[in-house]
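Chemist: Have a look; sequence and predicted model below, questions after that.
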Amino acid sequence: MPNLSFVSPTRNSPWGTYLSQIDAVEPYLGKLARWVETLRRPKRALIVDIPIELDNGTIAHFEGYRVQHSLTRGPGKGGVRYHPDVTLEEVMALSAWMTVKNAAVNLPYGGAKGGIRLDPKLLSTKELEKVTRRYTSEIGIIIGPTQDIPAPDVNTNGQIMAWMMDTYSMNVGATATGVVTGKPIPLGGSLGRVAATGRGVFVVGREAMRRLGVEMDGARVAVQGFGNVGSVAAKMFAANGAKIVAVQDHTGTILNEKGLDMTSLLDHVAQTGGVGGFKGADRIENEQFWDVKSDVLIPAALEGQITAERAKRVQTRVVLEGANGPTTPDGDAVLADRGIIVVPDVIANAGGVTVSYFEWVQDFSSFFWTEDEINVRLDKILIGAFKGIWDTSEQHKIPLRTAAFTVACTRVLQAREERGLYP
Ligand SMILES: NC(=O)C1=CN([C@@H]2O[C@H](COP(=O)(O)OP(=O)(O)OC[C@H]3O[C@@H](n4cnc5c(N)ncnc54)[C@H](OP(=O)(O)O)[C@@H]3O)[C@@H](O)[C@H]2O)C=CC1
Ligand SMILES: O=C(O)CCC(=O)C(=O)O
């Protein structure tokens, strides 16, 4: 039975996955469990119609969303996704994971996420700009530097954030740099934000490997998704002595048992748009990616990739979740049975939002930090948060995901209780 009338999740769909994670944490919330139902529903969900005139003169309508799952600990915060499969249910789950992620690393934010159902590859730059500006105006009634601060996610980037910032600023009649993060540097962006999520995946992965006694030098790493998150994570693992043995994106799956040459691969992707056709590797069938032997497997594409069936075949020691929600509840159960450690998304990919927080703080103070200052602070926050989650996992003998949810949901529900219910 769905818990809300406006979505119909299944057990392994994004919202179904999130709900099962909340079920798993409930026994560890003590007296705060009486508030847990607030986590099972978004505070606010906005669906917007985005009409634009296409380059050929016809009018197209796109469906967009901004969901604020929780504003209990601070303004909403979370990215905006452009993808043909975006749905309200998916954006709800992504917004809820932002609530948990922001609390897991103790950022003073709630959780939010946005998206537009479209295929950016089918739109011209001009059309993308029109969609972005209209979407920003439509969601302008609920976003703002102290209300809800969007950022990049799948298929969005600094240019999209620049258009969002400009549109919002024109609508309010003042330059509002703090309304989005992940902006270009000249518009109040932060050094280090582009690489921050991938960097965080590496830093958290390194901590997990240390705890598990997995040597970095020569470690075999397989990466699904070679966009902002996957490519930076792969580059950092390789730079620190690991071997990137397999990479998959929409253009194919490539394998090199000796380790892919990252510089050549990144050049190839910059020129061709994908890893397919890279000469320094063998091409394998996409489904074979899940059979590649690795020490660390990094899903860094979309949700629902590690199903029960794939989890049975995976040959790795650590699944390091660069993507949001890449493992289904059934996949998670199989991995746990097989003794494969999962470092959950809400800590593994929290580097991006952490530097987004730094960007927002810098915008408010109009005082900008060096890249070194950013990276030092980022690493410190992630290492400290990972330690707290690891210790909680050991204390209760629970998986890292449930431990991360325990730390995070306790913070959210404590704040909920202290704020009280009535306006
Ligand atoms: N950007 C950020 O700061 C953050 C992102 N994340 C999460 O990380 C994940 C990746 O985001 P990001 O790197 O920004 O997105 P990008 O759009 O930069 O890259 C996504 C990558 O995944 C590939 N991909 C998509 N679908 C598949 C598939 N079915 N099989 C294989 N590869 C696929 C894409 O190929 P193609 O482009 O051709 O579709 C692309 O290489 C998402 O889950 C996102 O929510 C989490 C925290 C922060
Ligand atoms: O940088 C941000 O604000 C959010 C990034 C994001 O969408 C995520 O962490 O999934």
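Modeler: Great, that's in hand. Ligands and ions are numbered 1, 2, ... in the order given.
Chemist: The longest strand anywhere in the chain - contacts with which helices or strands?
Modeler: Scanning the chain for the longest strand, with DSSP state E as the assignment, gives strand 59-70. Under the contact criterion of 3 or more C-beta pairs under 8 Å, 6 or more residues apart in numbering; DSSP states H and E, strand 59-70 touches strand 44-53, strand 76-83, helix 88-104, strand 111-117, helix 125-139, strand 148-152. (Glycine included, C-beta is placed from N, CA and C.)
Chemist: Please put the alpha-carbon coordinates of the helix or strand that the shortest one is followed by into PDB.
Modeler: Sequence-wise, the next helix or strand beyond strand 148-152 is helix 158-172, with elements assigned using DSSP states H and E. Coordinates of each C-alpha in helix 158-172 appear next as PDB, following Å, rounded to 0.1, in the frame of the first residue of the first chain:
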ATOM      1  CA  GLY A 158      27.800  25.700 -14.100                       C
ATOM      2  CA  GLN A 159      26.100  27.200 -17.200                       C
ATOM      3  CA  ILE A 160      22.600  26.000 -16.100                       C
ATOM      4  CA  MET A 161      23.300  27.400 -12.600                       C
ATOM      5  CA  ALA A 162      24.400  30.700 -14.100                       C
ATOM      6  CA  TRP A 163      21.100  31.000 -16.000                       C
ATOM      7  CA  MET A 164      19.200  30.100 -12.800                       C
ATOM      8  CA  MET A 165      21.000  32.700 -10.800                       C
ATOM      9  CA  ASP A 166      20.500  35.300 -13.400                       C
ATOM     10  CA  THR A 167      16.800  34.600 -13.800                       C
ATOM     11  CA  TYR A 168      16.100  34.500 -10.100                       C
ATOM     12  CA  SER A 169      18.100  37.700  -9.600                       C
ATOM     13  CA  MET A 170      16.100  39.500 -12.400                       C
ATOM     14  CA  ASN A 171      12.900  38.400 -10.800                       C
ATOM     15  CA  VAL A 172      13.700  39.700  -7.400                       C
END
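Chemist: Can you name the residues bridging to the residue of the stretch 151-300 of the chain found nearest ligand 2?
Modeler: Nearest residue of the stretch 151-300 of the chain to ligand 2, counting by C-beta to the nearest ligand atom: residue 151, 3.2 Å away. Going by DSSP bridges, residue 151 is paired in beta bridges with residue 79.
Chemist: list the contacts for it?
Modeler: Residues near residue 151 by C-beta atoms under 8 Å, 6 or more residues apart in numbering: 77, 78, 79, 80, 161, 180, 181, 182, 352, 353, 356.
Chemist: one more time with 10 Å, if that's ok
Modeler: 77-80, 98, 112-114, 160-161, 164, 180-183, 193, 352-353, 355-357, 359-360 (C-beta atoms under 10 Å, 6 or more residues apart in numbering).
Chemist: Same list, the residues you listed, but only the ones touching ligand 1.
Modeler: Residues of the contacts of residue 151 in contact with ligand 1 (C-beta under 6 Å from any ligand atom): residue 352.
Chemist: Narrow the contacts of residue 151 to those that are buried.
Modeler: Among the contacts of residue 151, those buried by neighbour count (16 or more other C-beta atoms under 10 Å) are 77-80, 98, 112-114, 160-161, 164, 180-183, 193, 352-353, 355-357, 359-360.
Chemist: tell me which parts of this structure are close to ligand 1?
Modeler: Listed as neighbours of ligand 1 in the chain under the rule C-beta under 6 Å from any ligand atom: 152-155, 197, 224-230, 248-250, 300-302, 322-324, 349, 352.
Chemist: Put the buried members of these into a PyMOL selection.
Modeler: Selecting only the buried entries of those in PyMOL, with 16+ other C-beta under 10 Å as the criterion:
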select buried, resi 152+153+154+155+197+224+225+226+227+228+229+230+248+249+300+301+302+322+323+324+349+352
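Chemist: do you know how far the nearest residue to residue 89 once chain neighbours are set aside is from residue 225?
Modeler: The shortest distance from residue 89 to any non-neighbouring residue, by C-beta to C-beta, 6 or more residues apart in numbering, is to residue 7 (4.3 Å). Going from residue 7 to residue 225 by C-beta to C-beta, to the nearest Å gives 25 Å.
Chemist: and the residue of the stretch 1-150 of the chain found nearest ligand 1, what is it in contact with?
Modeler: The stretch 1-150 of the chain approaches ligand 1 most closely through residue 79 (6.1 Å), counting by C-beta to the nearest ligand atom. Going by C-beta under 10 Å, 6+ apart, residue 79 touches 94-95, 98, 112-115, 150-154, 156, 161, 180-182, 197, 324, 352-353, 356.
Chemist: how about residue 18, secondary structure?
Modeler: Three-state call for residue 18 (DSSP: H, G, I helix; E, B strand; the rest coil): helix.
Chemist: likewise the one 5 residues further on?
Modeler: Using three-state DSSP, the three-state assignment for residue 23 comes out as helix.
Chemist: what about it, distance to residue 160?
Modeler: Distance, residue 23 to residue 160, by C-beta to C-beta: 35 Å.
Chemist: Ok, residue 396 next?
Modeler: As judged by C-beta to C-beta, residue 396 and residue 160 stand 41 Å apart.
Chemist: try residue 257
Modeler: Using C-beta to C-beta, residue 257 is found at 38 Å from residue 160.
Chemist: same check, this time on residue 117
Modeler: Residue 117 is 15 Å from residue 160, by C-beta to C-beta.
Chemist: Compute the first-to-last residue distance for stretch 309-325.
Modeler: Start-to-end span of stretch 309-325 (C-alpha to C-alpha, to the nearest Å) is 16 Å.
Chemist: Repeat that for stretch 294-309.
Modeler: Terminal residues of stretch 294-309 are spaced 18 Å apart (C-alpha to C-alpha).
Chemist: do stretch 185-202 as well
Modeler: In stretch 185-202, first residue to last residue: 24 Å (C-alpha to C-alpha).
Chemist: again, but for stretch 179-189
Modeler: End-to-end distance of stretch 179-189 (C-alpha to C-alpha): 11 Å.
Chemist: Thank you kindly, that will do.
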